[in-house]
Every structure is written in C-alpha cells, then in structure tokens.
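Any chance you could fold what I've pasted below:
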Amino acid sequence: MTVTTLEPPQTVHFTKMELLEHFASLPGGALHTEGDVRWFTLALPYDTFNGVIHAEFDPRTADDRIRWTCDQLRASGAEALWWTGPMTTPTDLPTRLTRAGLVPVETEPGMILDLGTVQEGAPKTDLVIRPVGTLQELRAWIALRWLDTGADVRRSLEALYEAATRDPARRTHYLGWRGEQPLVCGALFHGTHAAAVEDIVTGPDARGLGYGTAMTAELVRLARAAGHRHATLTASPQGEGIYRRLGFRTVGEISAYFLASGGRE
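Modelled structure (predicted):
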C-alpha cells in the first residue's frame, strides 16, 4: 500500500499495519496479498503472530471475502487475529466479523503525539535505559514483555525477536535497569509516517514508580532524535491517561478479533 499523506487516525492505523508487516518479513514469516485483503503468518502457534493486517472490502461482497479469508487463515493451522482500524472498509466490518464467528478480543485507543511539541527532559527516576544488546538481555526483555506466559512460550519467541534486533533501523528493543535488575521493557518501531512506541511493560514489583512513563518518554525522545514528526501507540484503557500526560491524544481505535485455528462458531 502506497500512501503519501495521512490524517492522524490513518497515521496510527497505517503504522500498526507496517509493524505487522515487519513481523511477516522475519524468518518463518509470510505476507499474503489478495487484492482487497492482506494477511500474514509466522511459524508460531500464537494469534499475535498470525492474522489479517488490513481489509478494504466492497460491502456487496464483504461477507464472502470474510469467509474466504478465514479459510486461508485456518489452513495455516494457527490461531489468528483480524485487526481493524480507521482505514478498514466497510465501516461495519467489525459487526460482520462477529457475525462470521470471530470473537472480539480488544479495542484499544489509537494515540498520536506531535513530536514538535515535545519538551526536552525525561521524568526523574533511578532508571538506566539502554538498547538490548545480548542474548541474555533479550531473554530478560521477553520475560517482561510476555510476563503472563509460560517459559516454553518465551523460549519459542527468542528466534523471532533475535531476528528483529538485527535491523535496528526498523525496530529496537529497550530495557530499563535499576542496578543489575531489568524492571521495564519497551520497543521503538520506525515506520514510514511515524514511529511506534510498543511493548511498554513494567515488572509487577516495580509498578507505580513511574518506570513505564520514563520508558515511554525515552522512546519518544529517541523517535524525535531519529527525525520522526509523529509518534504513535495503542494504549490499554488503564494506560491511556498516562500517555495523555505525555502529550499523546486519542484519534481512533484499533481492534482485534480472534479466529481459532478450527474456527470458533
């Protein structure tokens, strides 16, 4: 998809699509485009890494196209997510997805920050933030990002994220350290129209101390230093207020719908 200028809601959505396409470009990934729909698969059995990136269906044929696309995803044998946002068509696609048996998983505020308005200076904490540089640090990053998953899942993600770290011009992973202890993780993705602040997760013993805010502020600073005009993110409902205090504003919603590998009727 080639786009020259975008309004803020479309900027958030387009950058999210670019981020998913980046995962599809990693080893084991495959990006599929069939006219009005684009989806990707990875050699991982988790819905986060398989799904529909974008669809622009004609309302007259949308239901048939949904069924066809779901069949393609089921054929991969993995669970998947179907993402929707301000650029999705038709506008009632979420209703059609639910009617087709997909299950709403999350709807997150899509937020954007004009980096030209950012004031210099990060929140004062005892945190030292630096990019992930070793396999041990990458494992620490994965342990924070995928805190609620089992060790077997985290091990299976090492190769994926290790491949992602090879191209820091596109995506860089960061850890926030207090002494020798990693307490918060984050990532910065460099898109065509904006940078995306991603994967801000604070460990359970370090929450409420401003470390997530400090990580976000540092990634915003790095995005500005890299020459981006805007930073985007999708927020959890409980995190929206924190990002607003950093200058982000909500301009739309990004939603995900779950499709089981065998369908969920």
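
list the helices and strands the lowest-mean-pLDDT helix or strand in the chain packs on?
Lowest by mean pLDDT, DSSP states H and E among the helices and strands of the chain is helix 151-156, with a mean of 85. If contacts are counted by 3 or more Cβ pairs under 8 Å, 6 or more residues apart in numbering; DSSP states H and E, helix 151-156 sits against helix 135-145. Glycine gets a C-beta too; all of them are placed from N, C-alpha and C.

Go through the helix it packs on and flag the buried ones.
Applying a neighbour-count criterion of 16 or more other Cβ atoms under 10 Å, the buried positions in helix 135-145 are 137-145.

Same question for stretch 104-111.
Within stretch 104-111, the residues that qualify as buried are 108-111, counting by 16+ other Cβ under 10 Å.

What is the nearest of these to residue 240?
Of all these, residue 109 has the smallest distance to residue 240: 5.1 Å, by Cβ to Cβ.

doesn't the closest one fall inside a strand?
Yes: going by DSSP: H, G, I helix; E, B strand; the rest coil, the assignment for residue 109 places it inside a strand.

list the contacts for residue 55?
The contact partners of residue 55, taken as Cβ atoms under 8 Å, 6 or more residues apart in numbering, are 36-38, 65, 69, 82, 84, 88-89, 93.

Secondary structure element holding the residue nearest to residue 98 when sequence neighbours are not counted?
On the basis of Cβ to Cβ, 6 or more residues apart in numbering, the spatially nearest residue to residue 98 that is not a chain neighbour turns out to be residue 104, at 6.5 Å. Residue 104 is part of strand 103-114, with elements assigned from DSSP states H and E.

And the buried residues of stretch 104-111, which two are furthest apart?
108 and 111 (9.0 Å).

what do those two both touch?
Contact criterion Cβ under 8 Å, 6+ apart; residues bridging residue 108 and residue 111 by contacting each: 234-235.

Got the phi and psi for the spatially closest residue to residue 25 that is not a sequence neighbour?
For residue 25, the nearest residue in space outside its immediate sequence neighbours is residue 31; the separation is 7.1 Å by Cβ to Cβ, 6+ apart. For residue 31, the backbone dihedrals are phi -110, psi 130 (criterion: degrees, to the nearest 10).

Dig out what residue 31 forms beta bridges with.
Beta-bridge partners of residue 31, counted by DSSP bridges, are residue 40.

coming back round to it: dump the buried residues of stretch 104-111 into CSV; add pLDDT and distance to residue 181 as well.
Below are these laid out as CSV (pLDDT from 0 to 100; distance: Cβ to Cβ, whole Å):
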residue, pLDDT, distance to residue 181
108, 96, 29
109, 96, 31
110, 97, 33
111, 98, 29
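
What is the nearest of those to residue 153?
The shortest distance between residue 153 and any of these, using Cβ to Cβ, involves residue 108 and amounts to 21.9 Å.

what's the closest one in contact with, if anything?
Counting by Cβ under 8 Å, 6+ apart, the residues that residue 108 touches are 234-237, 253-255.

ditto for residue 37
Residues near residue 37 by Cβ under 8 Å, 6+ apart: 52, 54-57, 65, 69.

Would you reformat those residues as a markdown table and include distance to residue 213 and pLDDT?
Output for the contacts of residue 37, formatted as a markdown table (distance: Cβ to Cβ, whole Å; pLDDT from 0 to 100):
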| residue | distance to residue 213 | pLDDT |
| --- | --- | --- |
| 52 | 33 | 98 |
| 54 | 31 | 97 |
| 55 | 35 | 98 |
| 56 | 37 | 98 |
| 57 | 39 | 98 |
| 65 | 42 | 98 |
| 69 | 39 | 97 |
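
After the strand holding residue 104, which helix or strand is next?
strand 128-131.

Show me what that following strand is in contact with.
Outside strand 128-131, the residues that touch it by Cβ under 8 Å, 6+ apart are 168, 172-178, 214-215, 218.

Mean confidence (pLDDT) on it, please.
For strand 128-131, the mean pLDDT works out to 96.

All set now, cheers.
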